[in-house]
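1. need a 3D model of the following:
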Amino acid sequence: MSQDGASQFQEVIRQELELSVKKELEKILTTASSHEFEHTKKDLDGFRKLFHRFLQEKGPSVDWGKIQRPPEDSIQPYEKIKARGLPDNISSVLNKLVVVKLNGGLGTSMGCKGPKSLIGVRNENTFLDLTVQQI
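-> Below you'll find the model as predicted:
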């Protein structure tokens, strides 16, 4: 494939990604209650703009030298959370929970093909099953 062809291909993929994200964010927005709609729309628009900027940038996406550890008190031991108890509105809090799981590329480098999260690993559970159980 020529350099020009590769650039055109990358642009088409970028446009498809942006359209797909836009559609998914619109679906999410339809789930917002009327009193949360404007705030949610603003947040999702911000995410869409950041995603657009991410797709436009060339080179490494993360400057690992600038990454800092979180403050010591930002990670709470489970026992401390358990002692505090669950809030009364636990259902509405959990409805806002988002989990982002990033995995390394070892499976690909070892020749695995397809979605690695669906590989069976223990008692007929996949990596995805185990992650959901952990959450």
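2. ok, and what's touching stretch 51-60?
-> Outside of stretch 51-60, the residues within contact range by C-beta atoms under 8 Å, 6 or more residues apart in numbering are 14, 17, 18, 21, 61. Any C-beta I mention is one placed from the backbone N, CA and C, and that applies to glycine too.
3. of those residues, buried ones?
-> Among the contacts of stretch 51-60, those classed as buried by 16 or more other C-beta atoms under 10 Å are residue 21.
4. please narrow the contacts of stretch 51-60 to those residing in helices.
-> Among these, the members falling in helices (DSSP state H) are 14, 17, 18, 21.
5. how far away is the first one from residue 45?
-> If I follow you right, that is residue 14. From residue 14 across to residue 45, the span is 19 Å (C-beta to C-beta, to the nearest Å).
6. and if you look at the last one?
-> Counting by C-beta to C-beta, the gap from residue 21 to residue 45 is 12 Å.
7. and residue 48, what's its pLDDT?
-> You'll see residue 48 listed with a pLDDT of 92.
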